[in-house]
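K.L.:
after the sequence you'll find the predicted model.
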Amino acid sequence: MATLTPTIKLESTDATSDSLSFTINPSLNVTDPSVGISKIAATATGGDTIIVPTSTATRYLYIKHTGKKADDSAVTTTLNVETADGVPFAKLSSGEWMFVPIGGASLKVQLEASADTIIAEYAYWTKV
C-alpha cells in the first residue's frame with residue numbers, strides 16, 4: 001500500500017461576493033495497478049484512446065489537455081472524457097485538467113478529441 005497526497009488550492013478576491021481561499025490535501029491510500037504520468041494522442045474516435053481498462057475498483061484519475069497536437073503545434077478543440085459507450089462526463093479545454101475518483105462499477109474511460117488529434121496527459125492510481 002502507498003499514499004498519494006493530491007493538493008488543490010483555490011483563491012480569488014473577485015470570483016464570489018466574499019474572498020475565497022482554501023486548500024484541500026487529503027491522504028489517499030493506493031495500490032496496484034497504477035499508471036504514472038503518461039501521454040497519449042486522443043483522436044476523434046474515442047474507442048481508439050482507452051486510458052483506464054474495465055475494472056470494478058475505484059481509481060483516482062488525472063487528465064490534462066496539453067493544448068498540443070502530436071507535431072507540437074497548438075490545438076484549441078476540446079477533449080472529451082467518456083465512458084466506454086461514448087457518454088462524455090467531462091470536457092476539457094486547452095490547458096485544463098481534472099483529478100477525480102471514478103469507478104466502483106464495471107467502467108473504463110476513454111478520451112476523444114472533438115476534432116484534430118490532442119495530446120493528453122494522464123495517470124491513475126487504484127484506491128485501497
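P.N.:
Cool, the structure landed. Source: prediction; values computed, not measured.
K.L.:
distance from the worst-scoring helix or strand of the chain on mean pLDDT to the middle of the chain?
P.N.:
Ranking every helix and strand in the chain by mean pLDDT, DSSP states H and E puts strand 50-55 at the bottom, with a mean of 88. Its chain's C-alpha centre and that of strand 50-55 lie 12 Å apart, by C-alpha atoms, centre = their mean, to the nearest Å.
K.L.:
export it as PDB, just CAs?
P.N.:
C-alpha atoms of strand 50-55 as PDB (Å, rounded to 0.1, in the frame of the first residue of the first chain):
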ATOM      1  CA  ILE A  50      -8.800   3.900 -23.800                       C
ATOM      2  CA  ILE A  51      -6.800   5.100 -20.800                       C
ATOM      3  CA  VAL A  52      -8.400   3.200 -17.900                       C
ATOM      4  CA  PRO A  53      -9.300  -0.500 -18.600                       C
ATOM      5  CA  THR A  54     -12.600  -2.000 -17.300                       C
ATOM      6  CA  SER A  55     -12.500  -2.500 -13.600                       C
END
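K.L.:
tell me what the helix or strand following that strand is packed against?
P.N.:
Using DSSP states H and E, the helix or strand that follows strand 50-55 in sequence is strand 59-68. On a contact count with 3 or more C-beta pairs under 8 Å, 6 or more residues apart in numbering; DSSP states H and E, strand 59-68 meets strand 28-42, strand 50-55, strand 79-83, strand 88-92, strand 97-102, strand 118-127. Glycine gets a C-beta too; all of them are placed from N, C-alpha and C.
K.L.:
hang on, the earlier thing: which parts of the least confident helix or strand of the chain are buried?
P.N.:
Of the residues in strand 50-55, 51-52, 55 count as buried by neighbour count, 16 or more other C-beta atoms under 10 Å.
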